[in-house]
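**Q** could you look at this predicted model? Sequence included:
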Amino acid sequence: MALELVQERLAACVNIVPMVTSFYWWEDAVQTDDESLLIVKTTVQKFDALMQYVLENHEYELPEIIGLPISSAYPDYVNWVKAETSKS
């Protein structure tokens, strides 16, 4: 999915953090799973389309999709993300 998000210009960059252990409630019981965490760099304008893509293509019934505000960032990097996600 990471490569597809970049190829579709929904993200400028995706990092894969492998083997993250998750503990969570599911069906009234605590579950434990090893998962991969994707860190996706995109824009506010692309977030809804990115979320829809993940919902349609992820194997989980309830994938974790969270957008975090950026309080500060290197301006050239922000401009690069905007430029790469605005191309068709």
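**A** Alright, I've got the coordinates.

**Q** and stretch 66-85, end to end?
**A** End-to-end distance for stretch 66-85, by CA to CA, to the nearest Å: 18 Å.

**Q** in it, what's buried?
**A** 81, 84, 85 (16 or more other CB atoms under 10 Å). To be clear about C-beta, it is placed using only N, CA and C from the backbone, and glycine gets the same treatment.

**Q** same check on stretch 9-29?
**A** Neighbour-count burial for stretch 9-29, with 16+ other CB under 10 Å as criterion, is recorded at 10, 11, 12, 13, 14.

**Q** ranges for the helices of the protein?
**A** Secondary structure of the chain, counting by DSSP state H: helices at 2-7, 44-57, 75-86.

**Q** okay, the ones you listed in JSON lines with distance to residue 68 and mean pLDDT next?
**A** Output for the helices of the chain, formatted as JSON lines (distance: least, CB to CB, whole Å; pLDDT from 0 to 100):
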{"stretch": "helix 2-7", "distance to residue 68": "16", "mean pLDDT": "98"}
{"stretch": "helix 44-57", "distance to residue 68": "11", "mean pLDDT": "98"}
{"stretch": "helix 75-86", "distance to residue 68": "14", "mean pLDDT": "98"}
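
**Q** of all the ones you listed, which lies closest to residue 27?
**A** Closest approach to residue 27 among the helices of the chain is made by helix 44-57 (20.0 Å; CB to CB).
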